[in-house]
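*Asks:* any chance you could fold what I've pasted below:
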Amino acid sequence: MQIKKKEAERIFKKLNIQKKSSKHHVSGWIIINGKKTLPVHYSNGRGDMPGYVGEKFRKSFKLSVDEFSELKDCTMSKEKYFHIVTKRL
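*Replies:* Residues are numbered from 1 along each chain as shown. Here you go, the predicted model:
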């Protein structure tokens, strides 16, 4: 699964993930009900994430391929994502 850096940035913005940038990565935590729930990050490098990296990025959100596509395409609401994740944790 290939992910564009702009899509990763859009997901961070949609889920209100506070970004912490370092030299090589942008990282943050998904916060649900005031608790740090899932750590997520993506590379600060040039270009898009290759398939295996995009797959790891998807798995860090605890979503299936179809669910992640929905989140990436902005058809999944923040509330629906939180509901899915809280059921799985």
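*Asks:* before we move on, which element is the nearest residue to residue 76 once chain neighbours are set aside in?
*Replies:* Distances taken as CB to CB, 6 or more residues apart in numbering put residue 70 closest to residue 76, at 4.2 Å, once the chain neighbours are dropped. Where you see a C-beta, it was placed from the backbone N, CA and C, and this is true even at glycine. Following DSSP states H and E, one finds residue 70 within helix 65-72.
*Asks:* would you mind getting the angle between whichever helix or strand comes after that helix and helix 65-72?
*Replies:* Next helix or strand after helix 65-72 toward the C-terminus (DSSP H and E): helix 78-88. Put simply, helix 78-88 runs at 150 degrees to helix 65-72, going by axes from the mean of the first three to the mean of the last three CA atoms, to 10 degrees.
*Asks:* I figured the residue nearest to residue 76 hits residue 84, correct?
*Replies:* No - judged on CB atoms under 8 Å, residue 70 makes no contact with residue 84 at a distance of 9.9 Å.
*Asks:* just name the shakiest helix or strand of this structure by mean pLDDT.
*Replies:* Every helix and strand in the chain was compared by mean pLDDT, DSSP states H and E; the lowest is strand 20-21, with a mean of 90.
*Asks:* how far is that strand from where the chain is centred?
*Replies:* Chain-centre distance of strand 20-21: 14 Å, with CA atoms, centre = their mean, to the nearest Å.
*Asks:* name the residues that touch the helix or strand following that strand?
*Replies:* As assigned by DSSP H and E, the chain's next helix or strand after strand 20-21 is strand 25-32. By CB atoms under 8 Å, 6 or more residues apart in numbering, the surrounding residues in contact with strand 25-32 are 8-9, 12, 15-20, 36-44, 61, 82, 85-86.
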